[in-house]
Every structure is written in C-alpha cells, then in structure tokens.
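**Student:** starting from these lines, generate the structure:
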Amino acid sequence: MNHPAAAKTYREQQAGSLRAGDHLLLPDGERSAEIHFVEVETDDFGSPAIILATLTGGGTLRIAAGSSVRIPEPAVDGSASPADAANHAVKTAAVVEGAALADGARRADGDAPSDAQASDAGTPLSVVGNSVVGNSVVGNDGAGEPARTAPPAVVVPPLPSTTPVVIGPSAEDLALIPEPSGTPESVVEAVAEAHPDSTGVQLLADKLVKGINTKSGSCLKDLSDLAHELFVMLKDAEAALAVADLLNVLPFDGNPGRWGSVEASLALSSYVCRQTGQKGRAAVYEKLLRAPDNQETDPFKARMQARVRQRSLNEPNLYDKEIFRSIDNSNHEAEREWRLLRLESLLFLRAHGGSQTISGSELERRIANELESVRA
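**Tutor:** Sure thing, here's the model as predicted:
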C-alpha cells in the first residue's frame, strides 16, 4: 500500500533563494522539514558556494548554491506530520554531510563506488540539489514499497578540508639559509670577539656562550636581542644574520611566547636580506614567518583567524603614546626602548607583506626613520 506522501507534488527552487520558514524535501526523498536559519558560505573569491540550511528539528543540510531544491506543494491528502519531519531531520542531516564528503573524496581519487559498495555502506553516494541518490534508486520505506528512480544527478562537491594557504618553503628554499659555522655557542663567541667594545653584545654573549637551550624562552629572547643589537646599533648585517639563523630554522611549536622571539628574528632577517639584495633568501624568511598562519585545518576557524590577523596588521601597536610621553619627560633611554619595539612591529609588517592601511613604501620610510632615531 502506498504512503500518502507519494501523492505530494513539488516545485523546484534555487538553493540560493531559500529563506527561514521554507520547507524543502529531505535527502531521503520522502519527508520535508522547515528551515530555521540559512547561512551562505562563500568561496575564496567571495561568490556564494554552499548554502547551510539549519532545520527546525535540528541538523544542517549543506547544499550547493547553484543547485535546485524541491519544495513540497500542499498535499492532496494526508502527509507526514511536522513532528515526524523534525525527528527525521537530525538523522538525514548527518547522512547528507557524511555522504557528500565521502563521495567527493572518492571522486577526487578517481575511484567511483560500485553498487555493491553503496548497498553495504547503507548511505547515499551523491547529493542532487536537495536529495541524495545512489547509482539508480533513492529511498525505501522498509515496508516493501518499490524503489523510485532518481532524477539526473548533480554532484555537490564537499568543502575542502583546509582553506588555501601560503605554500611553505621547499628544500631548495631552505638551502638558501647557510648552515652555522660551528656550534651555536661558537657563533655567538665569534660575534662577541668581533665587537669587544659593545657593552650590549658582551652582556648578551656572556649569558649565551654558557649554553643555548632552544626550549628556553629567555634564551631565544637573548638571541633575538643580540641579532637586533648587531644590525640596529652596530650595522653589522652579516653577524646579525649569522645569529638570527640560529633562531630562523626553529619550527613553530605552538608556544606564542617562544615564537615571538623567532618571529622578530625572521622579520629582521627578511629586512636585512632585502637591503643587501638577497631577495630569494628574504622570501624564504617571510614564508617561515607566515607558517603558523597555515596550521589551522578547520576551515571556519582558519577564516576567523585570518580576519583577526588582518585586523592586527591593519591596526598595529606602534607605541605612539609611550614614545611621546618619553619625549615630553626627556627620558631618552625609555624613548629608545619604545622605538626599538616600534621598529620590531614595522619589520614584522614589512615581512608579513604589509597591511591594508600602511603601504610598502610608507613602511620602508618609517623603518628608515626608526633606524636613524635609535642609532642617533
């Protein structure tokens, strides 16, 4: 005996025009459910890509923005109750998401599923607008009703597991960073011998030659400070790069405190290399600097982090208030320390590709001004 739902008629509607309160046919091809909330997910070019339809009974359907869905017309006689649709929505939403991802992965590998595989899995193989179909049939109520032939399939591609990212440096890129001549301690010792009259270099070197522990945040900070002292105050670019490279090859370990010193070292190295004409080497440092930006694998979290990161680049802390206060108080030492922090911020912006509020040429001008001020 046929179910009353078979007497329903449907009209097609573009997925992009769905609104809260609309009813649509669920992927099982038998029931419908009300949409509680609609969210549009865009691709990386800003065009609508996926429609996320949250159902009143729970669960979410993911529908390609360009596909068509079927909207049930008023039934001639009996139809599935709203309670049945709500209860069924939770199950079908999970099936849709899993099926779309699994099918997309198989198709990306060029491995089309067979009928037997589809039957064993007990899940649909592709999404057709609003419904999920296998190779030839869709839906069976379990009471002996013959399976119905599905309409022509339009496969909805699954969301990528990650967002597009900046490609990290290759082995050829990393080869541009020279190996240290000796142990890290010997590199520091050689630098100290080259600048016996620099109190700043000698104080930092005395601590570092006793042993460099890359797991120690204070040790990494001393190395970064030494590299900055060599370039900013002594204008020794070669020695600054030799010390900085002890940090530059360290990977991001998830600790923002330790990474801050590596980040400052990479930004300094990028600027020094570009000033000395080593553009390829500078590009490697810049890729390493942006490496932590690419580690989030959840697409939503990655987009949120990118927005926060862009906001921080557009509104950097350049310590204007602190510098002006030091100038008003005639505290030249404090002014120098704040200007060094500003210089680090500007170097970071420069290595990160600039920002939407400060142009590259303006960054170069500001960096030159800060270098002149702290060296005076």
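
**Student:** from now on I want contacts and neighbour counts done on CA atoms only, so please keep to that.
**Tutor:** Will do.

**Student:** run through the residues that contact the closest residue to Ser186 other than its chain neighbours.
**Tutor:** In space, and not counting its chain neighbours, Ser186 is closest to Val209: 7.4 Å by C-alpha to C-alpha, 6 or more residues apart in numbering. Contact criterion C-alpha atoms under 8 Å, 6 or more residues apart in numbering gives Glu185, Ser186, Val188, Glu189 as the residues in contact with Val209.

**Student:** how near is Val209 to Val191?
**Tutor:** Val209 is 11 Å from Val191, where distance means C-alpha to C-alpha, to the nearest Å.

**Student:** also Gln13?
**Tutor:** Gln13 is 72 Å from Val191, by C-alpha to C-alpha.

**Student:** next: Ile71.
**Tutor:** For Ile71, the distance to Val191 - C-alpha to C-alpha - is 75 Å.

**Student:** neighbour count: those two, which is higher?
**Tutor:** Val191 (23 against 20; other C-alpha atoms under 10 Å).

**Student:** quickly find the element holding the more buried one.
**Tutor:** Using DSSP states H and E, Val191 maps to helix 184-194.

**Student:** and what of Val38?
**Tutor:** Under the assignment here (DSSP H and E), Val38 is part of strand 32-42.

**Student:** please name the strands paired to that strand in the sheet, noting orientation.
**Tutor:** Using DSSP bridges, the strands paired with strand 32-42 are strand 23-25 (antiparallel), strand 48-55 (antiparallel).

**Student:** can I get those in CSV including mean pLDDT and mean neighbour count?
**Tutor:** Converted to CSV, the strands paired with strand 32-42 look like this (pLDDT from 0 to 100; neighbours: other C-alpha atoms under 10 Å):
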stretch, mean pLDDT, mean neighbour count
strand 23-25, 80, 22
strand 48-55, 80, 21
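
**Student:** mind putting these in JSON lines, distance to Leu341 included?
**Tutor:** Below are the strands paired with strand 32-42 laid out as JSON lines (distance: least, C-alpha to C-alpha, whole Å):
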{"stretch": "strand 23-25", "distance to Leu341": "57"}
{"stretch": "strand 48-55", "distance to Leu341": "42"}
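
**Student:** and of the ones you listed, who's closest to Glu344?
**Tutor:** With C-alpha to C-alpha as the measure, strand 48-55 is the member of those nearest Glu344 (39.2 Å).

**Student:** what's the offset of that closest one from the middle of its chain?
**Tutor:** Centre-to-centre, strand 48-55 and its host chain are 21 Å apart (C-alpha atoms, centre = their mean, to the nearest Å).

**Student:** and the contacts of that strand?
**Tutor:** Outside strand 48-55, the residues that touch it by C-alpha under 8 Å, 6+ apart are 15-16, 33-43, 60-66, 86, 89.

**Student:** drop anything exposed from the residues you listed.
**Tutor:** Listed as buried from these are 15-16, 33-38, 40-41, 60-66, 86, 89; burial here means 16 or more other C-alpha atoms under 10 Å.

**Student:** in what helix or strand does Leu246 lie?
**Tutor:** Using DSSP H and E, the element containing Leu246 is helix 237-248.

**Student:** next structured bit after that helix?
**Tutor:** Next element after helix 237-248 (DSSP H and E): helix 256-275.

**Student:** pLDDT of that following helix, averaged?
**Tutor:** Helix 256-275 shows a mean pLDDT of 94.

**Student:** so for this protein, the centremost residue is which one?
**Tutor:** Here the mean C-alpha position of the chain is nearest to the C-alpha of Ala302 (C-alpha atoms, centre = their mean), at a distance of 3.3 Å.

**Student:** now that residue: phi and psi?
**Tutor:** Dihedral pair for Ala302: phi -60, psi -40, per degrees, to the nearest 10.

**Student:** please apply the same query to Pro72.
**Tutor:** Here is the backbone geometry of Pro72 (degrees, to the nearest 10): phi -70, psi 130.

**Student:** now it: how far from Pro27?
**Tutor:** Pro72 is 13 Å from Pro27, by C-alpha to C-alpha.

**Student:** these two: which has the busier surroundings?
**Tutor:** Legend: neighbour count by other C-alpha under 10 Å for Pro72 and Pro27, higher for Pro27 (24 against 18).

**Student:** thanks again, I'm all set now.
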